[in-house]
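Visitor: Provided below are the primary sequence and the corresponding predicted coordinates.
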Amino acid sequence: RKLITLSLFATAAGGLYMAQQPGVTGLTILFAYWGITSILLFWAPLISATRNWGGTLSQGKAFGLLDGGRGFVAAIIASLGVIIFTWLIPDSVIALDDQQRSRGMRHVIYYYSLMTAMSGVLIWYVLPQETGTKSKHVNPMQKVKDTSRHLAIWLLAVILVCAYCGYKGLDNYGLYAVQVLGMSEIESAKFTSLTAYIRPIAAISAGIIADRITSKKFITICFFVLTMSYLLLSIASPDNVSTTVIYLNLIVTFIAVFAIRGVYFALIEENGFPETGTGTAVGITSVIGFTPDIFFAPMAGRILDASPGIQGHQYYFLMLTAIAVCGMVTATWLMRTKSLTASN
């Protein structure tokens, strides 16, 4: 509770600085600062609090509600941000000058900072203190060493990499809609923005299902579905496949990707990692699992640039197929791996 509250207040304070429109050097320092406040102080405590809230029987629901809820709230807050911005600019966008644009953006930044600070207040008064056993006087590096010697932690990290590649893969769907499906840029933007509302439905539904059949099995099924959809998209074109089928497969991939993201951290509980080691497990898996932020966009860009048009997109989906197969195999392997509780 203390870490999450501190993170939110510190992040909001950074927003106040951003509203003053610092230069490139100031923005570079600010984003490094936000890396500390919004990731170092926030991410592991958030997952730990969610796990603690979910107990032993409702991990899927807890993490599904977390991911679905933050997707839904983000969409609402973003919509309100757009409304605030439009209030502060003239009716004619052509007449918008730099000063008016700057004033509008400054108020939007203040709005986001206020919402972040209010979230900190809400967390402090609503989030209960953890009731689990707390570890004291433990060498943190020893805890990292003890956690990293378990095979399950590395399998979970690979699943995160594959799932996050699938999530990053959605970024190019707008380009696919324009270059392959013949949409205009406006139609493409509407299509991709509407699919964002799939996230809360998929994540929450995934949590309910995962609690019934286990997250491992559910994630394996989702990776199989992704493999089939990506494979079809890697050979499909409007000339040989109905556009309706293409659209359906695109939507299926949105659902499967959001569903996996909704429950993959529930695997920490399923594999028996002790509650006092949740932060360590999240830290290790996240360092590896979110590396697609570094390599995926350049890799995808090279594929699309090397083969312009539909062929590049087919190669792109073929790459995603290989990644989904890797995720499916890893999740299957994890299902066959004994949990720490069972092995102890």
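Guide: It's in.
Visitor: For the residue nearest the centre of the chain, which non-adjacent residue is spatially closest?
Guide: Taking Cα atoms, centre = their mean, the centroid of the chain lies closest to residue 261, which sits 6.3 Å from it. Once flanking residues are discounted, residue 261 sits nearest to residue 67: 5.5 Å by Cβ to Cβ, 6 or more residues apart in numbering. The C-beta positions use only the backbone N, C-alpha and C, and glycine is treated the same way.
Visitor: Name the secondary structure element that contains the one you found.
Guide: Here residue 67 sits within helix 59-87, counting by DSSP states H and E.
Visitor: Please point out which parts of that helix sit buried.
Guide: 59-68, 71-72, 81, 85 (16 or more other Cβ atoms under 10 Å).
Visitor: Also stretch 149-162?
Guide: Counting neighbours by 16+ other Cβ under 10 Å, stretch 149-162 gives 150, 152-162 as buried.
Visitor: now stretch 219-233
Guide: By 16+ other Cβ under 10 Å, the buried positions in stretch 219-233 come out as 219-227, 229-233.
Visitor: these two touch, right, residue 200 and residue 74?
Guide: No - between residue 200 and residue 74 there is no contact under Cβ atoms under 8 Å: 9.7 Å.
Visitor: low-confidence ranges in the stretch 51-200 of the chain?
Guide: Low-confidence segments of the stretch 51-200 of the chain (pLDDT under 70): 56-57, 88-97, 130-140.
Visitor: can you pull out the helices in it?
Guide: Under the criterion DSSP state H, counting those that start in this stretch, the stretch 51-200 of the chain contains helices at 59-87, 98-126, 140-148, 151-169, 173-179, 185-195, 198-213.
Visitor: Quick one: closest of these to residue 242.
Guide: Residue 242 lies closest to helix 173-179 among the helices of the stretch 51-200 of the chain, at 15.7 Å (Cβ to Cβ).
Visitor: name the helices or strands packed onto the closest one?
Guide: Using 3 or more Cβ pairs under 8 Å, 6 or more residues apart in numbering; DSSP states H and E, the elements in contact with helix 173-179 are helix 185-195, helix 310-335.
Visitor: Can you name every helix or strand that the first one contacts?
Guide: Packing contacts for helix 185-195, counted by 3+ Cβ pairs under 8 Å, 6+ apart, involve helix 173-179.
Visitor: Can you give me the neighbour number for residue 143?
Guide: By other Cβ atoms under 10 Å, 18 other residues sit near residue 143.
Visitor: Could you report the distance from it to residue 157?
Guide: Counting by Cβ to Cβ, to the nearest Å, the gap from residue 143 to residue 157 is 17 Å.
Visitor: do the same with residue 322
Guide: Distance from residue 322 to residue 157, by Cβ to Cβ: 18 Å.
Visitor: Hmm, residue 254 is touching residue 198, no?
Guide: Yes - between residue 254 and residue 198 there is a contact at 5.0 Å, judged by Cβ under 8 Å.
Visitor: Those two: who's more crowded?
Guide: residue 254 (22 against 17).
Visitor: Just the pLDDT for the more buried one.
Guide: pLDDT for residue 254: 96.
Visitor: doesn't residue 279 make contact with residue 268?
Guide: No - counting by Cβ under 8 Å, residue 268 does not reach residue 279; the two are 10.3 Å apart.
Visitor: Who are the contact partners of the residue nearest to residue 261?
Guide: 199, 203, 258, 261-262 (Cβ atoms under 8 Å, 6 or more residues apart in numbering).
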